[in-house]
Every structure is written in structure tokens, then in C-alpha cells.
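1. sequence first, then the predicted structure:
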Amino acid sequence: MSTALPSFLLAQLQALEDKGDKGGVTTDLIQAASTMLFVAGADTTSSSLAFFVLAMVLYPECQAKAQEEIEAVVGSKRLPEFQDRDNLPYLECLVQETLRSMEDDVYKGMLIPKGSVVIANVR
């Protein structure tokens, strides 16, 4: 019996098993699509974490305020949990700020306005 949680990969493999090669999808295509999703997510996560660490280094007073809030709400005996989010508004704002597009940017002479959605060409 399988213990895998529902996911894109699991759904595609099950569909392939159910339909066989009638759907035009192969294990190679499923593998390529799954790899792209994983890499895109990993890159976004590492970029966000790097930006957050940089922000905390540049603004130690923000880090101290977030730490005080965490200790006041959670204490020092456990880590924050999702259920704590409503009681950690400052930390929530720090997280949201990390994920927000900060300002207009220029890449190779092209303006990328603040708030733009950028879709990378992976080919």
C-alpha cells in the first residue's frame, strides 16, 4: 500500500498507469515536469531565505523585535507553529515583506515594474 501524499507527480503517475500510453504522456515527460517544479520551488525558497537573512543582518533591530515577539507568544521551549501566526503580526509582516516585490528593476535594459509576474523560459 502506498503512503505517498497527493502530489503532481503521484497524480501523473497514477493517470499514466490508468490510461497507459493513450494520453500521450510518458514517464520522461512526467520526470521532466516534476524536475522543473522542484527546481523552481527550491530556487524561490533559497532566494527568499537569502533575502530574509540579508534583511536581518542589515536591520538587526527588526530581528530583535521579531525575536521578542516570538518569545512573548511562544516562549523558549518550542518553535512557532502555524497556529501561532495570528499572534505574531510583526513576524508575519517580515515574512510578507520578504516575499513582496520590493521595487522596479531593470534587467538587460528592460524595465520590470514592481509587482510584475516574471515567468522564466526554461528552454
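-> Arrived safely, thanks for sending. Quick caveat, the model's predicted, so the values are computed rather than measured.
2. for the helix or strand harbouring residue 71, packing partners?
-> Element membership for residue 71 (DSSP states H and E) is helix 60-73. Other elements packing on helix 60-73 under the criterion 3 or more Cβ pairs under 8 Å, 6 or more residues apart in numbering; DSSP states H and E are helix 27-58, helix 89-99. In this view, the C-beta of every residue, glycine as well, is placed from N, C-alpha and C.
3. spatially central, which residue of the protein would that be?
-> The residue lying closest to the centre of the chain (Cα atoms, centre = their mean) is residue 45, at 4.5 Å.
4. quick one on the thing from earlier: relative to helix 27-58, how tilted is the helix holding residue 71?
-> Calculated by axes from the mean of the first three to the mean of the last three Cα atoms, to 10 degrees, helix 60-73 forms an angle of 100 degrees with helix 27-58.
5. ok now helix 60-73, how far from the chain's centre?
-> 23 Å (Cα atoms, centre = their mean, to the nearest Å).
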